[in-house]
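>>> Starting from these lines, generate the structure:
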Amino acid sequence: MKLIVLDRDGVINKDSDDYVKSPDEWVPIPGSLEAIARLNRAGYQVVVATNQSGIARGLFDVETLAAMHEKMHRLLAAHGGRIDAVFFCPHGPDRRCRCRKPSPGLFEEIGRRYGADLGGVPAVGDSLRDIEAALAVGAQPMLVRTGKGGRTIESGKLPADVAIFDDLAQVAETLVSTGAEA
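The predicted structure is shown next:
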């Protein structure tokens with residue numbers, strides 16, 4: 001089984017410092033839906049691991065989050081792609097839970113559900129917390145410049161061996177060109 005873990009905001013859809021709070025605000029990054037469909041055609045199971053502290057902050061509820069994800073699934077299906085599962089943390093940073101990235105809880109849950117060792121599994125994010133969560137389980141972290149990726153690079157805190165890509169489309173191109181597309 002080929003598995004890839006994606007962050008959501010800033011990787012698949014446009015991010016906002018004010019949070020993505022509704023389906024109307026959920027706007028795909030150009031090329032991201034096509035990239036996921038390409039990964040699917042190459043045999044990847046695509047899962048999402050995303051912090052959604054807007055729930056804890058009272059900015060939206062679980063039903064609204066489900067509506068955002070329904071829009072994501074619907075738009076992705078129109079491109080011939082799919083996301084196999086979405087794992088999310090609804091807690092705020094003050095909760096100190098195990099599921100909020102940079103803690104590895106979401107990744108550990110993915111590993112349990114899929115019966116998979118996440119060692120070497122590509123994990124794409126746009127923030128240091130995404131990279132840290134991936135490293136904690138031995139996944140292969142990949143940073144995209146979209147979303148908060150540019151800020152993450154400028155912070156100077158990114159580990160030196162983390163691969164940097166312009167966007168999810170470039171990640172898909174790289175992964176698919178090193179394997180056989182179905």
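
>>> Show me what stretch 16-26 is in contact with.
With contacts defined as CB atoms under 8 Å, 6 or more residues apart in numbering, stretch 16-26 is touched by 9, 13-14, 53-54, 57, 59-60, 64, 67-68, 70-72. Every C-beta, even on glycine, is put in place using the N, C-alpha and C of the backbone.

>>> May I see the ChimeraX selection of the buried members of those residues?
Those of the contacts of stretch 16-26 that count as buried under 16 or more other CB atoms under 10 Å are selected in ChimeraX with:
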select :9,13,14,53,54,60,67,68,71,72
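
>>> with the contacts of stretch 16-26 in mind, which one is nearest to residue 38?
residue 72 (16.4 Å; CB to CB).

>>> Name the next helix or strand following the helix or strand hosting the closest one along the chain.
Counting by DSSP states H and E, the element that carries residue 72 is helix 62-78. Where DSSP H and E defines the elements, the next helix or strand beyond helix 62-78 is strand 85-89.

>>> Could you pull out the buried residues of that following strand?
Those would be 86, 87, 88, 89, for strand 85-89 by 16+ other CB under 10 Å.

>>> Could you find the closest non-adjacent residue to the first one?
If I follow you right, that is residue 86. Of all residues not flanking residue 86 in the chain, residue 48 sits nearest, at 4.5 Å (CB to CB, 6 or more residues apart in numbering).

>>> separation between residue 160 and residue 153?
Relative to residue 153, residue 160 is positioned 12 Å away (CB to CB, to the nearest Å).

>>> now stretch 47-60: how far from the chain's centre is it?
Computed by CA atoms, centre = their mean, to the nearest Å, the chain-centroid distance of stretch 47-60 equals 13 Å.

>>> how far does it stretch from start to finish?
Using CA to CA, to the nearest Å, the end-to-end distance of stretch 47-60 comes to 22 Å.

>>> Also stretch 9-25?
11 Å.

>>> quick one: buried residues of it?
Across stretch 9-25, burial judged by 16+ other CB under 10 Å covers 9, 10, 11, 12, 13, 14, 15, 19, 20, 21, 23.

>>> ditto for stretch 148-158
Those would be 148, 149, 152, 153, 158, for stretch 148-158 by 16+ other CB under 10 Å.

>>> swap in stretch 35-52?
35-40, 42, 44-52.

>>> same check, this time on stretch 109-121
109, 110, 111, 114, 118, 121.

>>> Keep only those of those residues that are in strands.
In strands, judged by DSSP state E, none of those are found.

>>> Mind jotting down where the helices sit in this structure?
Remark: helices assigned in the chain by DSSP state H are 32-41, 62-78, 105-114, 128-136, 149-154, 168-177.

>>> could I get the ones you listed as TSV with distance to residue 143 and mean pLDDT?
Below are the helices of the chain laid out as TSV (distance: least, CB to CB, whole Å; pLDDT from 0 to 100):
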stretch	distance to residue 143	mean pLDDT
helix 32-41	15	98
helix 62-78	21	98
helix 105-114	16	98
helix 128-136	6	98
helix 149-154	6	97
helix 168-177	10	97
